[in-house]
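*Asks:* Here is a sequence together with a model predicted from it:
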Amino acid sequence: MKISANSVLPARRERIEFVTSDGLTLVGELALPLDTAPVATIICVHPLPTHGGMMDSHVLRKMSWRLPALANVGVLRFNTRGTTSAAGTSDGAFDESRGEGLDLQAAVAWAVARGLTNLWLVGWSFGTDVVLRHGDIDPVRGAILLSPPLRFTSVEELKKWNNSPRKITALVPEHDDFLPPAPARAAFAVVPGIDVVVVDEAGHLWVGEKFVTRVLDEIVQRVNPPAYPLASEWDGPMEKWSDL
């Protein structure tokens, strides 16, 4: 059966909570392969919550719907401080990617305590600033940045990645509203090790199934290469999400 925009493939899904070092309780979800341990787990940091970003932002939710079954990859999504989704509301208030660094660090620590290995970060828009400012930590293996606006990340913070062993890929949409390809390449030039990949025809929000598929393929190619490219069909149980 063809995998479509609202296809939900089998996984072990559980609602999770964890506490930050400054005492806030954050809510989220962990999606794991149905019958095996994941070969890698991605920790997702969502777009700007003051403009509707949350753990259910569509690309992140589709990662949780597909990657456990198609790529044997776990997906940990959570609401940063003060953010609300169907899973609930995380404590605290929006902090312009400062306090959100504690949120990310708490998510990584929770994943380690859970026994998850081969951890990667995926930030989208605002989430990329959180990753760039706070994600250079053990045991993270690397990061994939979706539509990085570099709104809160300083040049000095960016340059610190020159001393990091972690691999970073920046997926830059051709028609990004905030940091299109030419200025993105110029901005990231201070860290030659960052792989800037321009996605033709895409926009900042990755609207359109072909762009979601491209994002998921780019992630899997880095975190579990044998599963690349992702299958476009599924012959097992499949649910359909009803709000799309």
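*Replies:* Received, thanks.
*Asks:* average pLDDT for stretch 93-103?
*Replies:* Mean per-residue pLDDT for stretch 93-103: 98.
*Asks:* Could I get the full set of helices for the chain?
*Replies:* Taking DSSP state H as the criterion, the chain contains helices spanning 58-71, 100-113, 126-134, 155-159, 181-188, 209-223.
*Asks:* how about the third one: buried residues?
*Replies:* Applying a neighbour-count criterion of 16 or more other Cβ atoms under 10 Å, one finds 126-134 buried in helix 126-134. Every C-beta, even on glycine, is put in place using the N, C-alpha and C of the backbone.
*Asks:* With the fourth one instead?
*Replies:* Taking 16+ other Cβ under 10 Å as the basis for neighbour counts, the residues of helix 155-159 that come out buried are residue 158.
*Asks:* Could you shift the numbering so residue one becomes 51, and keep it that way?
*Replies:* With 51 as the first residue, the last one maps to helix 205-209.
*Asks:* Using CSV, list the CA coordinates for that helix.
*Replies:* C-alpha atoms of helix 205-209 as CSV (Å, rounded to 0.1, in the frame of the first residue of the first chain):
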residue,chain,number,x,y,z
VAL,A,205,28.9,33.8,14.7
GLU,A,206,31.0,33.0,17.8
GLU,A,207,28.6,30.2,18.8
LEU,A,208,28.7,28.9,15.3
LYS,A,209,32.5,28.9,15.1
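*Asks:* Distance from the chain centre to it, please.
*Replies:* Relative to its chain's centre, helix 205-209 lies at 21 Å (Cα atoms, centre = their mean, to the nearest Å).
*Asks:* same thing with stretch 114-123?
*Replies:* 13 Å.
*Asks:* residues in contact with that stretch?
*Replies:* By Cβ atoms under 8 Å, 6 or more residues apart in numbering, the residues outside stretch 114-123 that reach it are 53, 57-63, 79, 81-84, 86, 88-92, 124-125, 127, 266, 269-270, 273-274, 277-278, 280-281, 284, 286, 291.
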